[in-house]
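Visitor: Quick one, fold the following:
(one chain, ligands or ions: 2)
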Amino acid sequence: MTVDVSFPFDNSYARLPERFYARLGPTPVARPRLARLNHPLALELGLDPETLASPVGVEILAGNRLAPGSEPLAQAYSGHQFGNFVPSLGDGRAILLGEVVDRTGNRRDIQLKGSGPTPFSRNGDGRAALGPVLREYLISEAMAALGIPTTRSLAVVTTGEPVVRETVLPGAVLTRVASSHIRVGTFQFFAARGDIEGVRLLADHVIARHYPDAASAEQPYRALFERVVLRQADLVARWMLVGFIHGVMNTDNTSIAGETIDYGPCAFLDAYHPGTVFSSIDHQGRYAFGNQPRIAIWNLARLAETLLPLLSEEPETALAWARDALGDFLPRFSQTLLAGHRRKLGLFTEHPEDAALADDLLETMAANQADFTLTFHRLGRAAEDPDADAGVRRLFADPPAYDRWAARWRRRLADEPDPVARYGRTRRNAMETANPARIPRNHLVEHALDAAMGDDDFGPFEDLAAALRAPYDDQGVEDVFSDPPRPEQRVFYTFCGT
Ligand code: AMP
Ligand code: MG
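Guide: Ligands and ions are numbered 1, 2, ... in the order given. Just a heads-up that it's a prediction; the model follows:
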């Protein structure tokens with residue numbers, strides 16, 4: 001008797017009309033081998049890790065066998081890529097296997113990425129190389145551990161088949177888990193075809209799935225858009241608070257549920273500078289670190305355009321409502337960002353000059369090539385012990401520039417109530433929950449990928465994945481996973497790898 005992996009599938013997207021997707025299964029691969037399984041995530045999904053790691057489980061994760069109840073499909077979507085509208089994108093190398101309701105009652109998509117060609121593949125081969133798959137695994141799981149909404153990574157299977165990019169690379173399939181894979185571009189797909197009924201069905205699906213409280217609002221579609229705007233604002237603010245650069249904020253890479261999705265040439269800042277760009281294809285710096293809030297607004301405006309016919313029969317009214325809701329982005333973004341900066345600076349109370357204090361630190365860091373993560377992390381120690389300033393000022397090209405800012409910060413801290421007496425925790429302890437010691441630094445990620453791909457050595461990948469599971473929990477200790485790159489380790493470009 002064969003033991004089958006039982007996924008408790010309940011496939012709501014597959015119940016939408018046929019024009020929303022193409023029904024097809026993954027294309028089998030030659031020699032599937034499990035490279036990584038995310039045990040805690042499997043358990044969260046109500047799946048048995050042992051069974052998933054068994055030969056039958058690995059066949060499912062490779063796309064060589066379908067689990068019972070799976071209704072595989074490739075989703076249709078469009079998207080603005082670097083500002084240009086592409087009406088037909090869609091899952092060109094991914095297959096949605098189905099949806100499961102997890103242990104906490106949340107519906108999650110189970111998708112294979114790199115699972116073979118689909119009707120949306122255009123000229124692509126439908127496959128993924130091991131490097132970008134491991135990269136997505138590491139960074140998406142690091143984001144989750146940092147507490148930032150994101151798609152998750154359940155497993156990596158190598159295929160035993162080569163994929164041809166600039167060079168010949170080992171192929172792999174990623175099992176991706178998301179609260180859904182619906183994108184701004186999914187709305188654009190229907191709007192671009194004049195299919196208002198499609199937009200309406202999709203909006204109803206998204207309300208039921210992601211924004212159920214919008215259903216009972218007086219204007220559910222208006223409430224939907226307002227909520228999407230706020231979630232994007234929160235998401236991008238949280239990227240800014242950890243130094244994350246998405247790298248390809250196209251509308252097809254913007255999740256309607258407000259999760260970070262489609263990890264391509266994304267990267268974390270080492271030295272802080274708002275103009276930082278890593279993506280080798282972002283020649284104009286459209287998706288530079290500091291541009292991310294502006295781009296999110298631009299993407300949301302594209303979403304608004306698709307929703308206008310649902311908002312009101314009166315075009316003027318629809319437009320006014322959409323503008324109103326879009327206008328909520330910046331205040332919400334600034335509010336989330338400022339609350340985050342206060343936590344990062346150890347401020348428990350609110351003072352009108354806090355935003356300027358944070359901005360001036362960032363400006364000083366930019367002028368001094370200071371490491372973003374370590375500067376904030378080390379401020380935790382400095383908050384309690386001025387002798388620890390030495391560790392922070394070392395990060396600044398001109399250390400006295402830090403001293404001038406630190407004097408202001410200390411005057412501000414002196415106005416605060418005693419945190420232990422008032423809030424029951426030390427300032428340093430509070431700051432360490434806002435300032436990670438470990439992020440997936442580019443040089444560490446590259447090293448892990450090179451070892452896996454070049455030498456079939458997954459040790460560095462395993463070690464890095466393990467370190468990134470607890471980004472805040474370092475007891476004040478810095479290790480190789482917190483160190484910025486030495487000059488010869490610096491990474492200047494990251495690649496999509498598609
Ligand atoms: P991405 O850059 O991964 O967000 O992908 C943009 C679009 O290109 C999506 O429609 C993908 O499905 C498609 N795509 C990317 N790589 C491939 C590939 N190797 N084969 C087929 N389609 C691909
Ligand atoms: Mg994409």
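Visitor: close to ligand 1, is the strand ranked longest in the chain?
Guide: In the chain, with assignment by DSSP state E, the single longest strand is strand 152-164. No. Against ligand 1, strand 152-164 shows no contacts by C-beta under 6 Å from any ligand atom, the least distance being 7.6 Å. Yep, even glycine has a C-beta here, placed from its N, CA and C like the rest.
Visitor: which helices and strands does that strand pack with?
Guide: The contact analysis (3 or more C-beta pairs under 8 Å, 6 or more residues apart in numbering; DSSP states H and E) places strand 152-164 against strand 33-37, helix 39-44, helix 55-62, helix 130-145, strand 168-178.
Visitor: Relative to ligand 1, which of those is closest?
Guide: Ligand 1 lies closest, by C-beta to the nearest ligand atom, to one member of the helices and strands packed on strand 152-164: helix 130-145, at 8.6 Å.
Visitor: I'd like to know which elements that closest one is packed against.
Guide: With contacts taken as 3+ C-beta pairs under 8 Å, 6+ apart, helix 130-145 sits against strand 33-37, strand 152-164, strand 168-178, helix 442-455, helix 459-468.
Visitor: give me every residue that touches the residue lying closest to Arg381 once chain neighbours are set aside.
Guide: Of all residues not flanking Arg381 in the chain, Ala388 sits nearest, at 3.9 Å (C-beta to C-beta, 6 or more residues apart in numbering). Shown in contact with Ala388 (C-beta atoms under 8 Å, 6 or more residues apart in numbering): 378, 381-382.
Visitor: So which elements touch the longest helix belonging to the chain?
Guide: The helix that spans the most residues within the chain, counting by DSSP state H, is helix 220-242. Under the contact criterion of 3+ C-beta pairs under 8 Å, 6+ apart, helix 220-242 touches helix 196-210, helix 292-311, helix 315-326, helix 329-345.
Visitor: Let me know which of these is the nearest to ligand 2.
Guide: Nearest to ligand 2 among the helices and strands packed on helix 220-242 is helix 292-311 (12.9 Å), distances taken as C-beta to the ion.
Visitor: Flag every residue of the chain that's near ligand 1.
Guide: Counting by C-beta under 6 Å from any ligand atom, the residues of the chain that sit close to ligand 1 are 89-93, 120-121, 124-127, 253, 262, 264, 496, 498.
Visitor: among the residues you listed, which are in reach of ligand 2?
Guide: 253, 262 (C-beta under 5 Å from the ion).
Visitor: I'd like to know which of the residues of the chain next to ligand 1 are buried.
Guide: Buried subset of those (neighbour count, 16 or more other C-beta atoms under 10 Å): 89-93, 120-121, 125-127, 253, 262, 264, 496, 498.
Visitor: So among these, where is pLDDT lowest?
Guide: On pLDDT alone, Thr498 ranks lowest of these, at 55.
Visitor: pLDDT below threshold where in the stretch 1-150 of the chain?
Guide: 1-4 (pLDDT under 70).
Visitor: care to break this structure down by domain?
Guide: 13-181, 347-432 (automatic domain parsing).
Visitor: Report the mean per-residue pLDDT for the last one.
Guide: Domain 347-432 carries an average pLDDT of 97.
Visitor: same question, stretch 435-451
Guide: Stretch 435-451 shows a mean pLDDT of 96.
Visitor: Can you give me the end-to-end span of it?
Guide: Terminal residues of stretch 435-451 lie 29 Å apart, using C-alpha to C-alpha, to the nearest Å.
Visitor: same question, stretch 422-437
Guide: Stretch 422-437 end-to-end distance (C-alpha to C-alpha) = 26 Å.
Visitor: gap between it and the chain center?
Guide: Its chain's C-alpha centre and that of stretch 422-437 lie 25 Å apart, by C-alpha atoms, centre = their mean, to the nearest Å.
Visitor: Just give the nearest non-adjacent residue to the residue in the stretch 101-250 of the chain positioned nearest to ligand 1, would you?
Guide: Residue of the stretch 101-250 of the chain nearest ligand 1, by C-beta to the nearest ligand atom: Gly124 (2.2 Å). Among residues not flanking Gly124 along the chain, Gly92 sits closest, at 5.1 Å (C-beta to C-beta, 6+ apart).
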